[in-house]
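Visitor: I'd like to go over a predicted model; first the sequence, then the structure.
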Amino acid sequence: MSQTILIEPNEDLRKIYSLNLNTFAGTDVIVRQNADDAIQLLRILPTISLIVCKVKVGTEETAQRVVDHLKTEMLDIPLIVLGDAPALADRAVCVPEPVSWEKLVQHAAKFLGVSPEDLARRVKPDFISVGLSYFYDITQTPCDVFIRIKKAPGEFQYVKRIHSKDIFDFAAIKKYEDQGLKEFYIQRDYQQYFTTFVTNSLVKKLERTDLSMEDRILTTAHSYDVVADQVSKIGMDQATVELADAGINSMIMSVKDSPQLAGLLKFLFTSKVSQAYQHSHLIAVMCQYILSKQSWYQPKHLEVLSFVSFFSDITLKSSEQISVLSDEDLRNTNLDDEARQAVITHARDAALLLEKHPGANEYIKTVLMQHHGKLDGVGFNDSPGEDLHPLSKVFIVADSFVKILLRPDMPSSKREILPILYTKYSNPSYQKIIKALEQKFQA
């Protein structure tokens with residue numbers, strides 16, 4: 001069997017690429033963390049058949065370093081670069097991100113001598129996992145749904161639990177969740193059909209005008225989780241764009257009718273809404289509070305900030321990542337290097353993701369890029385300056401307030417949080433924004 005080196009810092013993508021390269025291209029995948037690790041392996045194993053690597057891992061110019069080594073050692077090993085790298089086009093196949101595993105396998109197969117006919121004959125994995133959030137707002141599915149039972153190490157049995165066209169409700173899904181189930185499984189051939197069905201169902205529900213405030217928030221939260229999952233798997237496709245837009249419009253509706261903060265927090269915490277969506281929704285609420293006290297406020301400003309609050313942390317995977325307040329805060333976490341790097345670049349990553357969203361105007365992209373105070377979207381600025389967009393400043397204050405509010409190790413009352421913000425953001429325009437938030441709480 002051929003051997004392929006894979007350098008991909010994202011754990012989820014690494015698993016997907018490894019599985020499918022092995023399954024369809026018939027190659028043994030050897031994972032390496034960076035260029036140095038790959039080069040060390042090449043020195044003792046120069047017979048590697050293929051290298052697949054990210055353009056950059058952290059600050060390392062990974063692909064360039066691999067190319068330099070291959071040239072120095074005169075190794076004629078094919079290279080697939082994940083991401084845009086025009087300077088390497090003469091030595092590697094560069095696949096623009098987001099990279100689907102299907103496209104990666106097609107390129108790998110050519111280098112490894114696997115014909116299209118061979119690819120077609122490969123046995124695909126029969127089942128794929130689907131998170132429970134996909135089932136919260138539907139009452140039937142277009143396909144059978146299974147649970148997975150472990151029979152032996154590496155051996156599983158799939159047992160049908162929901163038949164196609166069966167009628168069920170949220171309580172039925174909640175019962176599985178309370179028993180510890182985290183995901184269902186569907187047959188792979190139904191993946192696109194199922195995702196389209198769920199997306200259309202959610203969009204249709206979100207567009208209703210008769211939803212109660214509670215039902216609207218819950219449905220929007222479930223839609224957010226589905227969008228985040230789809231973004232991590234395939235990036236932004238048309239269905240994901242439509243669902244995100246419906247979720248953002250629904251968020252705006254619920255924010256305008258939002259109850260008092262104490263009542264909203266109680267509802268969010270007792271309804272098992274994901275922390276990612278709690279954070280997103282509360283930022284939009286705080287932005288609305290601040291905007292309502294500005295003489296220059298126009299409805300489009302809330303639309304921009306709601307859009308940004310929906311996508312600001314969409315590329316992050318954990319609550320610990322989302323709760324980071326500063327570079328120092330990040331250094332004190334227990335996150336691994338990959339997760340830390342994702343936090344450092346997530347503002348820029350989110351802005352790049354929205355290059356594929358036709359409704360994301362330059363205002364949205366600018367605020368998204370600047371939402372931690374840095375013009376380039378990389379890292380945190382503990383003392384953001386006056387050169388940022390005015391809406392970016394509003395978002396920064398709202399985001400900090402919400403992160404402090406949600407963290408168990410920090411103050412949870414408005415009276416305690418506001419002084420922290422006044423100290424943290426000393427520039428005049430930020431002080432005015434904090435004052436506007438304080439006035440709203442006093443109203």
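Guide: Cool, got the structure.
Visitor: where along the stretch 151-300 of the chain do the helices fall?
Guide: Along the stretch 151-300 of the chain, counting by DSSP state H, counting those that start in this stretch, helices occupy 170-178, 191-206, 213-234, 238-256, 261-270, 275-291, 299-311.
Visitor: what helices or strands is the longest one leaning on?
Guide: With contacts taken as 3 or more C-beta pairs under 8 Å, 6 or more residues apart in numbering; DSSP states H and E, helix 213-234 sits against helix 11-25, strand 127-131, helix 191-206, helix 238-256, helix 261-270, helix 275-291. To be clear about C-beta, it is placed using only N, CA and C from the backbone, and glycine gets the same treatment.
Visitor: quick one: which of the ones you listed is nearest D118?
Guide: Each of the helices and strands packed on helix 213-234 has some distance to D118 by C-beta to C-beta; the shortest is helix 11-25, at 8.9 Å.
Visitor: what residues does the helix or strand just after the closest one touch?
Guide: As assigned by DSSP states H and E, the chain's next helix or strand after helix 11-25 is strand 27-31. Applying C-beta atoms under 8 Å, 6 or more residues apart in numbering, the set of residues contacting strand 27-31 from outside is 1-8, 14, 17-18, 21-22, 41, 48-50, 108, 112.
Visitor: Dump the helices of the stretch 151-300 of the chain into JSON lines; add mean neighbour count as well.
Guide: Shown next, in JSON lines, are these (neighbours: other C-beta atoms under 10 Å):
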{"stretch": "helix 170-178", "mean neighbour count": "13"}
{"stretch": "helix 191-206", "mean neighbour count": "18"}
{"stretch": "helix 213-234", "mean neighbour count": "21"}
{"stretch": "helix 238-256", "mean neighbour count": "20"}
{"stretch": "helix 261-270", "mean neighbour count": "14"}
{"stretch": "helix 275-291", "mean neighbour count": "23"}
{"stretch": "helix 299-311", "mean neighbour count": "23"}
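Visitor: right, so of those helices, which gets closest to N34?
Guide: Checking the helices of the stretch 151-300 of the chain against N34 by C-beta to C-beta gives helix 213-234 as the closest, at 21.9 Å.
Visitor: so which strand or helix has the residue lying farthest from the centre of the chain?
Guide: Relative to the average C-alpha location in the chain, and by C-alpha atoms, centre = their mean, no residue lies farther out than M74, which sits at 39.3 Å. Taking DSSP H and E as the definition, one finds M74 inside no helix or strand.
Visitor: Show me the shaky parts of the stretch 151-300 of the chain.
Guide: Per-residue confidence for the stretch 151-300 of the chain (pLDDT under 70) gives these ranges: 152-155.
Visitor: residues of stretch 87-105 that come out buried?
Guide: 88, 91-95, 98-101, 104-105 (16 or more other C-beta atoms under 10 Å).
Visitor: State the mean pLDDT of that stretch.
Guide: Stretch 87-105 comes out with an average pLDDT of 88.
Visitor: secondary structure class for the residue most central in space within the chain?
Guide: The geometric centre of the chain, computed from its C-alpha atoms, lies nearest to T315 (C-alpha atoms, centre = their mean), at 2.6 Å. Using DSSP: H, G, I helix; E, B strand; the rest coil, the secondary structure recorded for T315 is coil.
Visitor: With adjacent residues omitted, what lies nearest to it?
Guide: The shortest distance from T315 to any residue other than its chain neighbours is 4.7 Å, reached at D349 (C-beta to C-beta, 6 or more residues apart in numbering).
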